[in-house]
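In: everything below, folded, please.
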Amino acid sequence: MPLPKYLRCLLRSATVAGMLLSNHPLLAAGPPAPTAASQQGTEAPRPPVMKMTDVELQEGGVLNGRIVDARGVGLPHSTVALRNGNTLVAETTSDGAGQFHFDSIRGGIYHVRGGDADSMYRVWAPRTAPPGAAQAVMLVPNQDVLAGQWSPMKYWLADPLVIAGIVAVAVGVPVILAQQNNDSGS
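Out: Modelled structure (predicted):
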């Protein structure tokens, strides 16, 4: 017994999508192109790239912050260091709730490190920060997963085969419905 026309169309669409998207390495970026320095083996290791966050100082140059674990619970008695370039500007210890602050800070680029947390901040003088600037520093060791942010859906949607299936269904269903209407009207 032959397959219905709409089922054959759906199978063809899924097969083509599978063939086009089954080779995962083709979808990923390849290794970086070698530079003259790396070919000679003299390339220095690159420092990790950190996201820069804007933070507004409070009156008197006070930089407030909090160090928390991945669940958002404050880390008490953590040593927090504030650096401007290679210069240690200040060092403090967080209180029982993970809160800390630095006094008499001027605007600039700062590297804040506490425990395993490590972040870069562009610190603005009071009333000069751009809209949306944070009012305090938030340090989170191992920032891969924060409370409430893990979702298995993002892993499913990152899979090219899942995307291919979604596209195949989105394209195939209207085609099948149109063919059924044509077949029944003839």
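
In: sticking with residue 169, tell me its helix or strand.
Out: Under the criterion of DSSP states H and E, residue 169 resides in helix 160-185.

In: helices or strands next to that helix in the packing?
Out: The criterion is 3 or more Cβ pairs under 8 Å, 6 or more residues apart in numbering; DSSP states H and E, and the helices and strands that helix 160-185 contacts are helix 5-21. For the C-beta atoms, the positions are set from N, CA and C on the backbone; glycine is no exception.

In: tell me which residues of the helix it packs on come out buried.
Out: Neighbour-count burial for helix 5-21, with 16 or more other Cβ atoms under 10 Å as criterion, is recorded at 6, 9-10, 13, 17, 21.

In: any chance of the residues you listed in a markdown table, plus pLDDT and distance to residue 121?
Out: Written out in a markdown table, the entries for the buried residues of helix 5-21 read as follows (pLDDT from 0 to 100; distance: Cβ to Cβ, whole Å):
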| residue | pLDDT | distance to residue 121 |
| --- | --- | --- |
| 6 | 72 | 57 |
| 9 | 76 | 56 |
| 10 | 74 | 53 |
| 13 | 79 | 50 |
| 17 | 70 | 45 |
| 21 | 60 | 41 |
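
In: contact partners for residue 166?
Out: Contacts of residue 166 were listed using Cβ atoms under 8 Å, 6 or more residues apart in numbering, and none were found.

In: cool, residue 120 as well?
Out: Applying Cβ under 8 Å, 6+ apart, the residues near residue 120 are 50-53, 109-112.

In: partners of the helix or strand it falls within, with directions?
Out: Secondary-structure element containing residue 120, defined by DSSP H and E: strand 117-124. Looking at strand 117-124 with DSSP bridges, its partner strands are strand 52-56 (parallel), strand 108-114 (antiparallel).

In: pretty sure residue 136 sits against residue 57.
Out: No. Look at residue 136 against residue 57 with Cβ atoms under 8 Å: they stay out of range, at 10.1 Å.

In: now do the shared contacts for those two.
Out: With Cβ under 8 Å, 6+ apart as the test, residue 136 and residue 57 both reach residue 63.

In: the two: which is more packed in?
Out: For residue 136 against residue 57, the residue with the higher neighbour count under other Cβ atoms under 10 Å is residue 57, and the figures read 23 against 15.

In: pretty sure the more buried one contacts residue 123?
Out: Yes. Because the distance of 6.0 Å satisfies Cβ under 8 Å, residue 57 is recorded as touching residue 123.
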